[in-house]
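>>> from the sequence below, what's the structure:
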Amino acid sequence: MFAKTIFSTILVAVLASGVQAYSGDATYYYPNGGYGACGTQLQNTDYIVALNPVQYSSGANCGRRINVQYQGKSVQATVADLCPGCGSGGVDLSPVAFEQLAPLSAGRIQVTWDFV
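Numbers count the residues shown, from 1 in each chain. Got it, this is the predicted structure:
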């Protein structure tokens, strides 16, 4: 009975927090000073991310920060662009953000992430 009560309490706390983790492919791209789908100019040295169409949510998540994890490493990036070719859960990071997780030569890695 005690374990059931503890489990119920934890479950309610998790559901109440509203935190949802996503997983998918992470790649990188060079914004090269262009304007992202969120309307701001983006540089290769900015810690930015382009979200897949599902999580981009027609721009509703522009400006939000996400925390991306890969093999014990993490990086935070700001949603600034749309990645139309990314699958659900997928992200496209700036090179500087990607390199916090893996070398650019890795090209594509499996990550988990959530909104901060």
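>>> helices along this structure, start to end?
Secondary structure of the chain (DSSP state H): helices located at 2-17, 53-56, 95-98.
>>> put the alpha carbons of the second one into CSV.
Think helix 53-56. Extracted C-alpha coordinates of helix 53-56, given in CSV (Å, rounded to 0.1, in the frame of the first residue of the first chain):
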residue,chain,number,x,y,z
PRO,A,53,7.0,21.0,-37.9
VAL,A,54,5.1,19.2,-35.1
GLN,A,55,7.0,20.8,-32.2
TYR,A,56,7.5,24.1,-34.0
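>>> surely residue 49 and residue 90 touch.
No. Applying C-beta atoms under 8 Å, one finds residue 49 not in contact with residue 90, separated by 10.4 Å. For glycine as for every other residue, the C-beta is placed from the backbone atoms N, C-alpha and C.
>>> residues near residue 91, how many?
25 (other C-beta atoms under 10 Å).
>>> hmm, I was thinking of residue 111
Residue 111 has 24 neighbouring residues, counting by other C-beta under 10 Å.
>>> run a quick neighbour tally on the residue lying closest to it once chain neighbours are set aside.
Excluding the flanking residues, the one nearest residue 111 by C-beta to C-beta, 6 or more residues apart in numbering is residue 26, at 4.3 Å. The number of residues packed near residue 26 is 28, by other C-beta under 10 Å.
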